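# What follows is a predicted structure for the sequence shown.
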Amino acid sequence: MRRSILPAMTHCPSPRDGLLALFQAAIHSAMPAHTLAAHLPPPPVGRTLVLGAGKAAGAMVHALEAAWPADAPLSGLVVTRYGHTPQRPPGVVQRVEIVEASHPVPDAAGLAAAARILALTQDLQADDLVICLMSGGASALLTLPADGLDFDAKQQINRQLLDCGAAIDEMNCVRKHLSRIKGGRLAQACAPARVLTLAISDVPGDDPSVIGSGPTVADSTSCADALAILRRYGIAIPPGIAAALEAGSLETPKPGDPALARAQVDVIAAPQRSLEAAAALARSYGVQAFVLSDAMEGESREVAKVHAALARAVAQGRGPFPKPCVLLSGGETTVTIRPRAAGAARGRGGRAGEFCMGLAQALQGVPGVWALAADTDGIDGVEDNAGACVGPDTLQRARAAGLQLADHLDRNDAYGFFQALDDLVVTGPTHTNVNDFRAIWIA
């Protein structure tokens, strides 16, 4: 049976059930219904326009509509991932349109939604308020290619960025400079209206300019930076775009731009807060909890080796933390897709599953160590699972099932490996996104 999320428990559960409950606590603390209303200003003299994008955009709209005064005008448009629009809560009247599009590779629906969003900014006045709802996934969902870049080429660049192992800040630097709406350009289009961005952070460090590629935030990176990243990873771009980047003609609004003077960002949910919520639940079980970092980056399998070394030391009584304990971490790791043999099928899975494979390989069944890694949006890569679980018996059960972990790692096939072991964590879309969640329970 796939591992589904369990209700929070008041007694100390088994390590595996405890890990699932900790993941649920992390998600619960980042839900827009619990965090958004406190950040809303009073209605303005003029009209209020709601714009936004991301995997949590639908849930954020519902939370806003529930909290906004019934007699105050409210309209707008947001775009979320296919299948990520939650059921509207009872009694909440729809006033903001929600559309769906493709993620992580943009499609025509996202292109149309971005064009409509930019068009809605026309004729805004100083007395108007724009509330921009941003969450993870917005970079792909809010796609509007720069002049001279056709949509097919933009899709190809996006695919190459996803496969090459580039860090999220590198990908977003490129996305900003190849867009007509990212990198502060949306806020620039909204001037002279006031712009309040409410963001759910899915990026290390919670930098607002990186969340969704910062459509309402001044950009400190340059065309030269974007071009250097593209060349570093060998990503092919049209000659005209390369020339435009070299000339600086695709430059983004910079800090101090007067058009962004009335733009403000509030981060309403963040990875650190979710990790702290999980830690609090673990401590309520009588198990010590330690948050290692909310901003870990690097190759998933390499990050797993570091976690495994620490967990092994703690399990053997040589580590910096006393057992029993839970080690928690977040951030955004990457997966570099390995070359395939001719005719070989591409593996399935995402960075959480790849972390779990790397962890199981590095731990080699050390007794007393269980782990869970999952994406807080409920989707690991493009599959239907959030992540996976690992236990002391993972490798033993894999061998009994005829599975070779090294082979699955070589093919980036975490989904196939953990599906065969019934160790996938499946939640469905969670309607929030505070990035990676990793928990290691050492008994």
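Happy to help now that I have it. Numbering: from 1, shown residues only.
# Alpha carbons only: can I get the longest strand belonging to the chain in PDB?
The single longest strand within the chain, with elements called by DSSP state E, is strand 288-299. What follows is strand 288-299, C-alpha atoms only, in PDB (Å, rounded to 0.1, in the frame of the first residue of the first chain):
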ATOM      1  CA  GLN A 288      14.100  15.600  20.200                       C
ATOM      2  CA  ALA A 289      14.100  17.400  16.800                       C
ATOM      3  CA  PHE A 290      16.800  19.400  15.100                       C
ATOM      4  CA  VAL A 291      16.400  21.600  12.000                       C
ATOM      5  CA  LEU A 292      19.600  21.300  10.100                       C
ATOM      6  CA  SER A 293      18.800  23.900   7.400                       C
ATOM      7  CA  ASP A 294      15.900  25.200   5.300                       C
ATOM      8  CA  ALA A 295      18.200  26.100   2.400                       C
ATOM      9  CA  MET A 296      20.100  23.000   1.300                       C
ATOM     10  CA  GLU A 297      21.000  22.800  -2.400                       C
ATOM     11  CA  GLY A 298      23.100  20.500  -4.600                       C
ATOM     12  CA  GLU A 299      22.600  17.200  -6.300                       C
END
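# Now that strand: average pLDDT?
Regarding strand 288-299, the rounded mean pLDDT is 96.
# other SSEs contacting that strand?
On a contact count with 3 or more C-beta pairs under 8 Å, 6 or more residues apart in numbering; DSSP states H and E, strand 288-299 meets helix 271-284, helix 300-315, strand 325-334. All C-beta atoms are positioned from the backbone trio N, CA, C, and that covers glycine.
# could the ones you listed be laid out in CSV, adding distance to residue 161?
Converted to CSV, the helices and strands packed on strand 288-299 look like this (distance: least, C-beta to C-beta, whole Å):
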stretch, distance to residue 161
helix 271-284, 22
helix 300-315, 17
strand 325-334, 10
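# Highest mean neighbour count out of those?
strand 325-334 (a mean of 24; mean count of other C-beta atoms under 10 Å).
# next one: that strand to chain centre, how far?
14 Å (C-alpha atoms, centre = their mean, to the nearest Å).
# Send me that strand as PDB with only the CA atoms.
Taking C-alpha atoms only, strand 325-334 is exported to PDB below (Å, rounded to 0.1, in the frame of the first residue of the first chain):
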ATOM      1  CA  CYS A 325      15.900  12.200  17.500                       C
ATOM      2  CA  VAL A 326      14.600  13.600  14.200                       C
ATOM      3  CA  LEU A 327      16.800  15.500  11.800                       C
ATOM      4  CA  LEU A 328      14.900  17.900   9.500                       C
ATOM      5  CA  SER A 329      16.000  19.800   6.500                       C
ATOM      6  CA  GLY A 330      14.600  21.700   3.500                       C
ATOM      7  CA  GLY A 331      15.700  23.600   0.500                       C
ATOM      8  CA  GLU A 332      15.800  22.700  -3.200                       C
ATOM      9  CA  THR A 333      18.100  20.000  -4.500                       C
ATOM     10  CA  THR A 334      18.600  19.200  -8.200                       C
END
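# Would you mind getting the angle between the following helix or strand past that strand and strand 325-334?
Sequence order places helix 351-363 as the next helix or strand after strand 325-334, per DSSP states H and E. Going by axes from the mean of the first three to the mean of the last three C-alpha atoms, to 10 degrees, helix 351-363 is angled at 120 degrees with respect to strand 325-334.
# Helix 351-363 packs against which elements?
helix 300-315, strand 325-334, strand 369-375, strand 387-390, helix 394-400, helix 405-410, helix 414-420, strand 436-442.
# and it, which residues are buried?
351-363 (16 or more other C-beta atoms under 10 Å).
# Please apply the same query to stretch 262-270.
Quick answer for stretch 262-270 (16+ other C-beta under 10 Å): 262-265, 267-270.
# what comes into contact with the helix or strand of the chain with the lowest mean pLDDT?
Every helix and strand of the chain was ranked by mean pLDDT, DSSP states H and E. The lowest is helix 151-163, at a mean of 89. Contact partners of helix 151-163, identified using C-beta atoms under 8 Å, 6 or more residues apart in numbering, comprise 104-106, 108, 111, 140, 143, 145, 170-171, 174-175, 178, 230, 233, 235-238, 241, 336-337.
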